[in-house]
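In: From the sequence below, what's the structure:
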Amino acid sequence: MIYITKPNYGRIPQKMKNNMINLIRSIAPPLLNFIPGYSLFKPQRIVFKENKDGFTIQNINVIDMVKEKKPMLADVMIKGNRIVDIHPSGSEQGILGQKINGKGKYLIPALIDSHCHIVNFMYPWMAPLYMAAGVTAVRDMATPQKKWRELGSGNIHDESFLGPRIFPVAGFFDGPPGVFGWAILPKNEKEVSRYVDELFDYGINALKIYSYMPPEILKLIVKSAKPKNIHIAGHIPLALDMYQAAEIGMHEFEHNLGVPETLLSIKDTNFNKNIRLQGHYWNQLKDKDKEMQELAMNMSKKGIINVPTFNVARGMGYTNLPDLKIDKRLDYLPSIFPDLIWSLKFPAFNQWNDNDFAAQRNVINISGRYTRYLKEAGGTILAGTDTPMGFGIPGFSLLDELNWLVTYANFSPYEALSSATVLPAKVMRANNDLGMIKQGMLADMLILDQNPLENIKAVSKINTIIFNGKIAEYQEIKSKLNKMAENYSGFIAQFILNPTFRMLFDLIVRRFIPPPKTR
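Out: Purely as a prediction, here's the structure:
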């Protein structure tokens, strides 16, 4: 049995805590920008080479994601940052610029992670890994208010941006007492309108709801957001079931939260207890396939979008075990990830015991069946990871997520690819630019060595990444990953950087960030 001692949060005034958090968030990113080249504090980005005369990928098998069909052998021409033409190989319709031999290889749109948290102090380490894994666009699910103006509708048209492209979701909007100290807690219609008008004026078209949101405030948010066509995603408020949240007007549910609560009529409004008991709740559904099918059918009819995030459901269950810490891809990250964020030291796990973790490890099996029923009912499912939570390795965990959609939710490889390309692009209102391979689209694509329609694991067999019309080949990607692993295992990282991170973690998280609150 594991015994966990609660941290001593001290008696620092809340205002001082918030001021310290805001100060650290404000000064850290600018300071990092002054550090030149590659360092442990500012990992160097993947270098993409530009060809001003354009280039043509010849004789490549194109999986365009426009509709399900066999790969088409074609020549794809890129000029600037756009696809300018696609024609069958050997048609003698001309070649543009540099020739790239695509024989025996496969071309797919670059991938999109529909649920992550990248707009934070860990961005310098997360961004290059997303790009190295071929995930060139992400949706930040809880973009803080101070970043609304900066990000606006996203950086999809910023040609100088190094990636990944970020689509902000404003939030998160919660109710008192607020799960975390930085939540937005509107109290009345006037405050709701002010927040919604602000994010709309900056061009943000989505917001996130969190677990303590009062039903009456959610109704006001829906009322204010609807005429502005703002997408409402997030946690189902604990005071509601899935039917009620959908009826009020939410468009998208995260993590498959709410499924067991709805089917078992559970009204547990304590967030931390609810999360701790998720595994136990889900295990009560192991023989309730008929009920899950009916719920999935109803959610599909209501047009609810679902982001199951198997990654975090699975990862949380292994927090008390060493199993996932042997993943070699962890070498690409500072030890703050496996040693602190994904460990029993993280405040969220203060009340968990071995039985809770064991129950959580089975969630992916039953949650996968619900996701399968939702897919079979015609529902829209997006692939998301909740990175950096739950052993979410930036970028690479999305490749795992696609495999789990196939393994646990009975997706075909094409359906899994759709969940990370064409479908999220449509939900994020970027389907004129991303998610498909066709003339006029942004040139964000992956050249793979194997056919992902035969085996979804082929998405990890990356030969070349094309981002914004620029090229990074496998040698460049592998070189940067090896450099990261080398530096993070070196003397400076092990004896200076990692202990420093641990000290800062203890200072910031355990002293200045309020403990998770209960109702």
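In: what does the average pLDDT come to for stretch 466-485?
Out: Stretch 466-485 shows a mean pLDDT of 92.
In: cool, and stretch 415-432?
Out: Stretch 415-432 carries an average pLDDT of 97.
In: For that stretch, which residues meet the burial criterion?
Out: 415-431 (16 or more other C-beta atoms under 10 Å). Bear in mind the C-beta positions are built from the backbone N, C-alpha and C, glycine included.
In: show me where pLDDT drops low in the stretch 251-400 of the chain?
Out: Flagging of the stretch 251-400 of the chain using pLDDT under 70 yields an empty set of residue ranges.
In: quick one: the helices in it?
Out: 259-264, 271-276, 278-283, 289-301, 310-317, 336, 354-360, 363-376, 396-409 (DSSP state H, counting those that start in this stretch).
In: which of those is buried the deepest?
Out: Comparing the helices of the stretch 251-400 of the chain by mean neighbour count (mean count of other C-beta atoms under 10 Å), helix 310-317 ranks first with a mean of 26.
In: Mind giving me the packing neighbours of the next helix or strand after that helix?
Out: Downstream of helix 310-317, the first helix or strand assigned by DSSP states H and E is helix 336. Helices and strands touching helix 336, by 3 or more C-beta pairs under 8 Å, 6 or more residues apart in numbering; DSSP states H and E, are helix 498-507.
In: now the helices: where do they sit in the stretch 1-150 of the chain?
Out: For the stretch 1-150 of the chain, applying DSSP H, counting those that start in this stretch gives helices covering 14-33, 123-132, 148-151.
In: In helices, which of the buried residues of stretch 415-432 appear?
Out: Judged by DSSP state H, those include 415, 416, 417, 418, 422, 423, 424, 425, 426, 427 as members of helices.
In: ok, those vs residue 404, which is closest?
Out: residue 416 (8.9 Å; C-beta to C-beta).
In: ok, that closest one - contacts?
Out: Residues in contact with residue 416 (C-beta atoms under 8 Å, 6 or more residues apart in numbering) are 383, 402, 403, 405, 406, 456.
In: Strands of the stretch 401-519 of the chain, residue ranges please.
Out: Assigned by DSSP state E, counting those that start in this stretch, the strands in the stretch 401-519 of the chain fall at 445-448, 462-467, 470-473.
In: mind putting those strands in CSV, distance to residue 205 and mean neighbour count included?
Out: Formatted as CSV, those follow (distance: least, C-beta to C-beta, whole Å; neighbours: other C-beta atoms under 10 Å):
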stretch, distance to residue 205, mean neighbour count
strand 445-448, 25, 24
strand 462-467, 23, 23
strand 470-473, 27, 20
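In: For those, give me JSON lines that also has distance to residue 234.
Out: Shown next, in JSON lines, are those (distance: least, C-beta to C-beta, whole Å):
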{"stretch": "strand 445-448", "distance to residue 234": "30"}
{"stretch": "strand 462-467", "distance to residue 234": "29"}
{"stretch": "strand 470-473", "distance to residue 234": "34"}
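In: Could you point out which of the ones you listed sits nearest residue 255?
Out: Set against residue 255 and scored by C-beta to C-beta, the strands of the stretch 401-519 of the chain come closest in strand 445-448, at 26.9 Å.
In: what's across from the nearest residue to residue 441 once chain neighbours are set aside in the sheet?
Out: Nearest residue to residue 441 in three dimensions, chain neighbours excluded: residue 83, at 5.2 Å (C-beta to C-beta, 6 or more residues apart in numbering). Judged by DSSP bridges, the bridge partners of residue 83 are residue 78.
In: Residue 83: how many residues sit nearby?
Out: The tally of other residues near residue 83 (other C-beta atoms under 10 Å) stands at 24.
In: So it sits against residue 444, correct?
Out: No. The pair residue 83 / residue 444 is not scored as a contact, 9.7 Å apart, by C-beta atoms under 8 Å.
In: contacting residues for the closest residue to residue 434 other than its chain neighbours?
Out: Spatial nearest neighbour of residue 434, chain neighbours left out: residue 425 (4.3 Å); criterion: C-beta to C-beta, 6+ apart. With contacts defined as C-beta under 8 Å, 6+ apart, residue 425 is in contact with 112, 431, 433, 434, 435, 436.
In: so what's the backbone phi/psi at the third one?
Out: Residue 433 adopts backbone torsions of phi -120, psi -40, taken as degrees, to the nearest 10.
In: Quick check: closest non-adjacent residue to it.
Out: residue 442 (4.7 Å).
In: Can you give me the pLDDT of that neighbour?
Out: So, for residue 442, pLDDT stands at 96.
In: got it, and residue 162?
Out: 75.
In: and residue 227, how many neighbours?
Out: Neighbours around residue 227, by other C-beta under 10 Å: 9.
In: Using the three-state scheme, assign it.
Out: helix (DSSP: H, G, I helix; E, B strand; the rest coil).
In: want to throw the contacts of residue 416 into TSV with distance to residue 352?
Out: As requested, the contacts of residue 416 are exported to TSV (distance: C-beta to C-beta, whole Å):
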residue	distance to residue 352
383	27
402	29
403	27
405	27
406	30
456	32
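In: contacting residues around residue 97?
Out: By C-beta under 8 Å, 6+ apart, residue 97 lies in contact with 51, 53, 54, 55, 56, 77, 79.
In: do that again at 7 Å, thanks
Out: The contact partners of residue 97, by C-beta atoms under 7 Å, 6 or more residues apart in numbering, come to 51, 53, 54, 55, 56.
In: How confident was the prediction at the residue lying closest to residue 412 once chain neighbours are set aside?
Out: For residue 412, ignoring the flanking residues on the chain, the nearest one in space by C-beta to C-beta, 6+ apart is residue 406 at 7.4 Å. At residue 406, the model reports a pLDDT of 98.
In: Let me know how buried residue 382 is, in neighbour terms.
Out: 26.
In: Not counting residues beside it along the chain, what's closest to it?
Out: Of all residues not flanking residue 382 in the chain, residue 114 sits nearest, at 3.9 Å (C-beta to C-beta, 6+ apart).
In: Just confirm the one you found contacts residue 385, I think it does.
Out: No. The criterion here is C-beta atoms under 7 Å, and residue 114 misses it with residue 385 at 8.6 Å.
In: circling back to that earlier point, what subset of the contacts of residue 425 is buried?
Out: For the contacts of residue 425, buried by 16+ other C-beta under 10 Å: 112, 431, 433, 434, 435, 436.
In: possible to save the residues you listed as JSON lines with distance to residue 485?
Out: Listed next are the buried ones among the contacts of residue 425 as JSON lines, based on distance: C-beta to C-beta, whole Å:
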{"residue": "112", "distance to residue 485": "26"}
{"residue": "431", "distance to residue 485": "36"}
{"residue": "433", "distance to residue 485": "34"}
{"residue": "434", "distance to residue 485": "30"}
{"residue": "435", "distance to residue 485": "32"}
{"residue": "436", "distance to residue 485": "34"}
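In: Determine the number of other residues adjacent to residue 214.
Out: Here the count is done by other C-beta under 10 Å, and residue 214 has 17 residues near it.
In: secondary structure class for the residue nearest to residue 269 when sequence neighbours are not counted?
Out: Nearest residue to residue 269 in three dimensions, chain neighbours excluded: residue 238, at 4.5 Å (C-beta to C-beta, 6+ apart). Secondary structure, three-state DSSP: residue 238 is coil.
In: thought residue 238 was touching residue 274?
Out: Yes. Between residue 238 and residue 274 there is a contact under C-beta under 7 Å: 6.2 Å.
In: list residues touching both of these two?
Out: In contact with both residue 238 and residue 274: residue 268, using C-beta under 7 Å, 6+ apart.
In: can you list the weak-confidence ranges in the stretch 101-250 of the chain?
Out: Low-confidence segments of the stretch 101-250 of the chain (pLDDT under 70): 154-161.
In: Strands of that one, start to end?
Out: In the stretch 101-250 of the chain, the strands defined using DSSP E, counting those that start in this stretch lie at 106-109, 111-116, 135-143, 165-173, 206-209, 231-234.
In: Which other helices and strands does the first one contact?
Out: Same thing as strand 106-109. Using 3 or more C-beta pairs under 7 Å, 6 or more residues apart in numbering; DSSP states H and E, the elements in contact with strand 106-109 are strand 55-62, strand 445-448.
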